[in-house]
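# coordinates for the following, if possible.
(2 chains)
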Amino acid sequence: MIADIVRSRAFVQHVVLLPVLLLVPAVAGRFYVYILAVIFVTGLLAMSLNLLAGHGGAYQFHHAAFYGVGAYTAALILTRTSLPAWVAFGAGPIAAAATGFVVGAICVRLNKLYFGMLQISLGSLIWILVLRWYSLTNGDDGIHGIPMPEFLSSATGVYYFVLGVVAVCLALMYLILKSPFGATLRAIRDNPQRCEAVGINVRRHQLIGIVVATFFAGVAGVLFVVLEGSVFPDMLFWVLSLEIFIMCLLGGWFTFYGPMLGAAIMVALRTFVGSYTDYWTLVLGIVLILLIFFLPEGIMGIHLRELVRQRGRRASMKAAE
Amino acid sequence: MLRVENLRKSFDDFKAVDGAHLAVDPGELVAVIGPNGAGKTTLFNLITGHLKPDQGRITFNGAEISRLPAHAICRKGIARSFQVANIFPRLTVFRNVQVSVLSQKHLSHTLFRPAQRMVVEETERILESVGLIDKQRSVAGVLSHGDKRTLEIAIALGNEPELLILDEPTAGMSPEETAATMGLVTRLAREQGLTILFCEHDMEVVFNVATRIMVMQQGRTIIQADPEEVRRNVTVQEAYLGGA
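Below you'll find the predicted structure:
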């Protein structure tokens, strides 16, 4: 199995890509290193959402709530307790996954849009709790100046930490999507009724998917704390959930890296166009309209369509032989 | 093997199934016939757990199954195809069947092992037996209508069922496709010892293939007997065959 992975084209691409990313802090300015780290964190969040949205076909409409839970859990442990940092970093994803389990267990009872609406309600409940519980969370002031361990005091240290964690998470997600569970998840996306009829417990699979995805959202939340040193209630607001959904659509939600690309585009637009005008979302709107007309499966979706064509050709050639 | 006793199901005021009886024994090829709206599909949906009955009993191999969810009934050994081609359109033909085999082998929860090399032999054997092996790498959504229906049967076979339920397996097919599909069905029944329950509009097909026929009208079972007796039955002739 390991030999298969080493021989695959994806592995070779990554072996080339990783050193390039490792060298970035040596050649690029601090600001660009920071932006790249922001893209990785946002991209990880979008990719965790895409496990459910693109591959699972679930209407996971309030994914940001779990990102916030992960971030706040880590921030609270770091500021209110004297526990070591790794406890906080571990507790974030676990708290996010536990919240995901509870919210998920309620939501999977409903289908499609109703699932999404219920999730927005429950997610907003968590948001309100964080916003109003002043004594615990500082409400809309957020928590700032969160103390970090020594190795995360420099921008380069933060960058390498984020890069390392995101790389491990992506590798895990890749394995999961290639596993029988991943295949079953995509089958549920395509046709839940048929899945039931072949003996698949659709709800249980969806729930496992939600727990896995919210765990990775929690990891992204912790990385946000590491990167920014602060948390605020906007992290749990539904607008962010919408933004990461758009990232998935933008980059191509039936692909693996699509959401990461979508995150890169959104972060770049916000950073660079946003520095000229407050109306950067106008540019985003135009991009989205063009996308819907010309690339309905997202930017990386063209690659997918090409693949389908090639496969079709190959199959018909084989049949002709 | 399968026993349905006095089954009833209403949607609001409409009695879709209103006293259906059915017995299927191992090795049989049982056809359910009846005019449109007679409740054939509803009956199948009740048996496979996609609907819950209001009244009556369904037992399979002696165990009551009428309150179980669809996926649990499938685990007991009943697989089905649907009236409209019900496949996984974005997955490859191979993956369509593999998902079903993985489910049957309780592997669909496996998280960290690549699926690529799993249950390949079983999946290919099924594709071979239904004649889709050459198309295993194409995306299922682009198959012809006939191939999609065949793929449906292949997906159902992935569950290694004892009883295979086919809801109008030849709906919308040309006469050639119909003949090919029914040929496949009878061959599967013979070679793999499958018991098959199906419904069908084409009377010629039914009387050629079925070892026993159940006639439904307005949700009620009129008669359940071998083809000859059904053909002779006066009520059936008036209600159904008379017009044909």
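
# going forward, measure contacts and count neighbours with C-alpha atoms only.
Noted.

# can you get me a residue count around the residue of the stretch 101-250 of chain A found nearest chain B?
At 3.9 Å from chain B, A:Gly199 is the closest residue in the stretch 101-250 of chain A, using Cα to the nearest Cα. A:Gly199 has 27 neighbouring residues, counting by other Cα atoms under 10 Å in any protein chain shown.

# distance check, it against B:Gln83.
19 Å (Cα to Cα, to the nearest Å).

# do you know the pLDDT at the closest residue to chain A within chain B?
Going by Cα to the nearest Cα, chain A is nearest to B:His71 of chain B, at 3.9 Å. We have a pLDDT of 92 for B:His71.

# and the nearest residue to the residue of the stretch 101-250 of chain A closest to chain B once chain neighbours are set aside, how many residues sit next to it?
Leaving aside its sequence neighbours, A:Gly199 sits nearest to B:His71 (Cα to Cα, 6 or more residues apart in numbering or on different chains; 3.9 Å). Neighbour count for B:His71, taken as other Cα under 10 Å: 24.

# which strands or helices does the host helix or strand of B:His71 pack on?
Using DSSP states H and E, B:His71 falls within helix B:70-75. In terms of contacts (3 or more Cα pairs under 8 Å, 6 or more residues apart in numbering or on different chains; DSSP states H and E), helix B:70-75 is packed against helix A:192-197.

# and the helix it packs on, C-alpha only, in CSV?
Taking C-alpha atoms only, helix A:192-197 is exported to CSV below (Å, rounded to 0.1, in the frame of the first residue of the first chain):
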residue,chain,number,x,y,z
PRO,A,192,-29.0,8.2,-0.5
GLN,A,193,-32.1,6.1,-1.2
ARG,A,194,-30.1,3.5,-3.2
CYS,A,195,-27.5,3.4,-0.4
GLU,A,196,-30.2,2.4,2.1
ALA,A,197,-31.2,-0.3,-0.3
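
# where does pLDDT dip in the chain?
Assuming you mean chain A. Scanning chain A for pLDDT under 70 picks out A:1-10, A:302-321.

# look at chain B instead
For chain B (pLDDT under 70), the answer is B:239-244.

# what comes up buried for stretch B:126-138?
Across stretch B:126-138, burial judged by 16 or more other Cα atoms under 10 Å in any protein chain shown covers B:126-127, B:130-133, B:135-138.

# over to stretch B:52-72?
Applying a neighbour-count criterion of 16+ other Cα under 10 Å, one finds B:52-53, B:55-60, B:65-72 buried in stretch B:52-72.

# what sits up against stretch B:71-78?
The contact list for stretch B:71-78 (Cα atoms under 8 Å, 6 or more residues apart in numbering or on different chains) reads A:195-201, B:48-49, B:65, B:104, B:159-165.

# just checking, A:Gln13 is part of a helix?
Yes - if the criterion is DSSP: H, G, I helix; E, B strand; the rest coil, then A:Gln13 is within a helix.

# for the helix or strand where A:Ile286 lies, give me every contacting residue.
Per DSSP H and E, A:Ile286 falls inside helix A:280-294. Applying Cα under 8 Å, 6+ apart, the set of residues contacting helix A:280-294 from outside is A:250, A:266, A:269-270, A:273-274, A:298-299.

# can you pick out the most distant pair from those?
For these, the maximum inter-member distance is 22.9 Å, found between A:Gly274 and A:Gly298 (Cα to Cα).

# more neighbours: which of these two?
More crowded of A:Gly274 and A:Gly298, by other Cα under 10 Å: A:Gly298, with 27 against 15.

# how close does the more buried one sit to A:Ala220?
A:Gly298 sits 23 Å away from A:Ala220, going by Cα to Cα.

# domain ranges for chain B, per the record?
With automatic domain parsing as the criterion, the domains of chain B are listed as B:1-77+B:161-244, B:86-160.

# I am finished for the moment; much appreciated.
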